[in-house]
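Novice: mind folding the following:
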Amino acid sequence: MRNFLKTMLAVICGFALITMIFVFIVLGILGTSMSTPSVSIKPNSIFVIELNGTVQERSNDLSNYTSLFNSNDVKYIGLDDILDAIATASTDNNIKGIYLKCGVLSAPPASISEIRDALIRFKETGKFITAYADNYSQSAYQIASLADKVYMNPEGILQITGYHIQTIFFKDLLEKVGVEMQVVKVGTYKSAVEPYILNKMSDANREQNFEMAKSLWNKFLLEVSNSRKINTEKINEFADKGITFSEAIQSVNYGLIDSLVYEMDVDALLAQKMECEEDDLQFCSLKDLKNLQKNIDYQKNKIAVVYASGAIDSGNNNEENIDSEKLSATLRSIAKDENIKAVVLRVNSPGGSAFGSEQIWYALNKVKANKPLIVSMGGYAASGGYYISCIADTIVAQPNTITGSIGIFGLIPNAQGLVNKLGLSFDGVKTNEMSNFGELFRPMSEQERSLMQGKVNRGYELFVKRCADGRSMSIDAIKSIAEGRVWTGEQALENGLVDTLGNLNDALAIAIEKSGVEEYEVVSYPEKKDLLTQILEEFSSSQMQIHSLTNYSKYINYFDGLINGNAVQARMPYFLVIK
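Specialist: Presented below is the predicted three-dimensional model:
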């Protein structure tokens, strides 16, 4: 046992040493990478956008730097960076066109439409767009289809399959290991708990998912049809016939692709478009436009864009989720800032903590009392994401935003079957009837379930009231479209949950109009952390994990003492837990 402890300690120390070495290496890289050179765009340049990877709401430098150490890491692309860069390219006279290098792109349907909208505005300036891919994913093609010329590799694949919404169910697995998920909820359509208590979709969930899939697919059909001048029935037919597995030339015959070329030949086509030699082509990247030294005339009046992206109070302290306490503090500060004349809350959240959602809602009240509040919905603004949206003066959603899901649930696992299988048992004493409420190794009593249901019911009624007040609708009207049902933005416009369809740019235009200011500066919140700060926080998190690991050594030491100590001992029960 002592040898085991020594080995474990050596492993922990080794891990800590490796972590420190890693930090020094990264700091060395940062020494060269964080010094941003002044960038200027050469005349007659082409802006290259690589649509290959995962689109997230805001860029995160740390996510991209992990690829330096693991070539298999997924590439992350910030939607904010793409939209800003396209807007810059639209007004930069040195940029004559955009080259979309496409591939396998993963993004919410609403983010796809957001990028398309930005590219359409770019085309309206008279500049060209060319797209190429070895293989097009459905999402990438949805964007690429608006290009003046769409090229694909002669051996490439064009994926057009339609939408498939699938859920994994754990009920049977949990039963095998002896765990029962005890669910208390409100809402016929509130399906987040179904994977734990069912082994297939409920009829209500199947209904809402099918309607949602149809709405998303109709949006795809409409956009591709408008861009390629192909009847939507024909595109549906291509999907049903399995065009994904057809010869590449069929995509040309169907009018979906303009020509089949190899990637190395695209430069020649671009040179022809630019009326120059291949060697004279000038390219600029997303990074170049991010580092472009802009002459900004800073204004006293500001329009704030506040990003609320990720799960609410998920427990992970990172920029990819919403910390209700931090966001509420930011909103309170904005409410007091007299220079901020209007606020756009950019919501891209599937929800999370009901308590956290209420705190953010209250902070938004402070904002709304002092200045116009507009919500721009991204890929998701559902459940808690809608809770924090409903208070806005105007709600703007993409047609394929996922929103609604007005419902609440509580879930407590019962692992009695598991501990029985493992041969463990628990016993204890309590001073009051509810002293051991929430124990994971026994089923809830009827009284406990009733109390929890009451708590969930009250939470639901408060959620409904927030929505009714925010949308100027009756309680009954909200309940008729609530019950946890999920809607697309297009459906939400019809039932009154949103005001208009559009993108972040449209929401900004509304905020600017309502603010009444003519000269302004757009500022984003929360402020992005620089790469060094992110790495130091990641290192701190690693140290916390090591500390957590060392905490388990006390249990090993306890057993070590029992085995190797004196035969007669005076010890209190070590695993006695008082709560």
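
Novice: drop to CA atoms for contacts and neighbour counts, all remaining ones
Specialist: Noted.

Novice: for the stretch 101-250 of the chain, which segments count as strands?
Specialist: In the stretch 101-250 of the chain, strands defined by DSSP state E, counting those that start in this stretch lie at 128-136, 149-158, 180-186, listed in chain order.

Novice: and the contacts of the second one?
Specialist: With contact meaning Cα atoms under 8 Å, 6 or more residues apart in numbering, strand 149-158 is reached by 129-138, 141, 144, 243-245, 247-249, 251, 257-263.

Novice: what segments of the stretch 301-450 of the chain are strands?
Specialist: 302-309, 340-349, 373-382, 394-397, 402-404, 408-414.

Novice: now render those as JSON lines, adding mean pLDDT, mean neighbour count and distance to residue 172.
Specialist: What follows is those, written out as JSON lines (pLDDT from 0 to 100; neighbours: other Cα atoms under 10 Å; distance: least, Cα to Cα, whole Å):
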{"stretch": "strand 302-309", "mean pLDDT": "96", "mean neighbour count": "23", "distance to residue 172": "33"}
{"stretch": "strand 340-349", "mean pLDDT": "97", "mean neighbour count": "27", "distance to residue 172": "29"}
{"stretch": "strand 373-382", "mean pLDDT": "96", "mean neighbour count": "29", "distance to residue 172": "28"}
{"stretch": "strand 394-397", "mean pLDDT": "98", "mean neighbour count": "27", "distance to residue 172": "38"}
{"stretch": "strand 402-404", "mean pLDDT": "96", "mean neighbour count": "31", "distance to residue 172": "29"}
{"stretch": "strand 408-414", "mean pLDDT": "89", "mean neighbour count": "18", "distance to residue 172": "14"}
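
Novice: right, so of these, which gets closest to residue 103?
Specialist: strand 373-382 (20.4 Å; Cα to Cα).

Novice: show me what that closest one is packed against.
Specialist: helix 109-123, strand 340-349, strand 394-397, strand 402-404, helix 504-515 (3 or more Cα pairs under 8 Å, 6 or more residues apart in numbering; DSSP states H and E).

Novice: quick one: strands adjacent to it?
Specialist: strand 340-349 (parallel), strand 394-397 (parallel), strand 402-404 (parallel) (DSSP bridges).

Novice: nearest to residue 314, out of the ones you listed?
Specialist: So among the strands paired with strand 373-382, strand 340-349 is nearest, using Cα to Cα, at 11.3 Å.

Novice: what's the angle from that closest one to helix 504-515?
Specialist: 150 degrees (axes from the mean of the first three to the mean of the last three Cα atoms, to 10 degrees).

Novice: who touches strand 340-349?
Specialist: With Cα under 8 Å, 6+ apart, strand 340-349 has contacts from 57, 301-312, 334, 367, 371-382, 384-385, 389, 504, 507-508, 511-512, 514-515, 517.

Novice: skipping its backbone neighbours, what lies nearest residue 502 in space?
Specialist: Nearest residue to residue 502 in three dimensions, chain neighbours excluded: residue 398, at 5.2 Å (Cα to Cα, 6 or more residues apart in numbering).

Novice: in stretch 244-263, what's buried?
Specialist: 244, 248-252, 256-263 (16 or more other Cα atoms under 10 Å).

Novice: also stretch 308-324?
Specialist: Buried, per 16+ other Cα under 10 Å, within stretch 308-324: 308-314, 319-324.

Novice: just these: which are in helices?
Specialist: residue 324 (DSSP state H).

Novice: Serialize the buried residues of stretch 308-324 to TSV and add fields for distance to residue 211.
Specialist: TSV is the format used below for these (distance: Cα to Cα, whole Å):
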residue	distance to residue 211
308	27
309	25
310	24
311	24
312	26
313	30
314	29
319	32
320	29
321	28
322	29
323	32
324	32
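
Novice: among the buried residues of stretch 308-324, which one sits closest to residue 181?
Specialist: residue 314 (19.3 Å).

Novice: so who does the closest one touch?
Specialist: Contacts of residue 314 by Cα under 8 Å, 6+ apart are 321-323, 352-353.

Novice: sorry, back to before: possible to save the strands of the stretch 101-250 of the chain as TSV with distance to residue 449 and mean pLDDT?
Specialist: Converted to TSV, these look like this (distance: least, Cα to Cα, whole Å; pLDDT from 0 to 100):
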stretch	distance to residue 449	mean pLDDT
strand 128-136	50	97
strand 149-158	52	97
strand 180-186	7	90
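
Novice: winner for burial among the ones you listed?
Specialist: Of all the strands of the stretch 101-250 of the chain, strand 128-136 has the most neighbours on average by mean count of other Cα atoms under 10 Å, namely a mean of 24.

Novice: show me how far that strand is from its chain's centre.
Specialist: 25 Å (Cα atoms, centre = their mean, to the nearest Å).

Novice: ok so, going back, save the strands of the stretch 101-250 of the chain as CSV, and put in distance to residue 434 too.
Specialist: Putting the strands of the stretch 101-250 of the chain into CSV (distance: least, Cα to Cα, whole Å) gives the following:
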stretch, distance to residue 434
strand 128-136, 58
strand 149-158, 60
strand 180-186, 17
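
Novice: out of those, flag the one nearest residue 285.
Specialist: Here strand 128-136 is closest among the strands of the stretch 101-250 of the chain (Cα to Cα), at 14.6 Å.

Novice: nearest to residue 424, of the buried residues of stretch 244-263?
Specialist: residue 244 (53.3 Å).

Novice: which residues touch the nearest residue to the closest one once chain neighbours are set aside?
Specialist: Distances taken as Cα to Cα, 6+ apart put residue 159 closest to residue 244, at 4.7 Å, once the chain neighbours are dropped. By Cα under 8 Å, 6+ apart, residue 159 lies in contact with 135-138, 141, 243-244.

Novice: state the mean pLDDT of stretch 467-486.
Specialist: Stretch 467-486 carries an average pLDDT of 96.

Novice: on that earlier part again, Throw the helices and strands packed on strand 373-382 into CSV and include distance to residue 76, thanks.
Specialist: Converted to CSV, these look like this (distance: least, Cα to Cα, whole Å):
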stretch, distance to residue 76
helix 109-123, 14
strand 340-349, 16
strand 394-397, 24
strand 402-404, 21
helix 504-515, 20
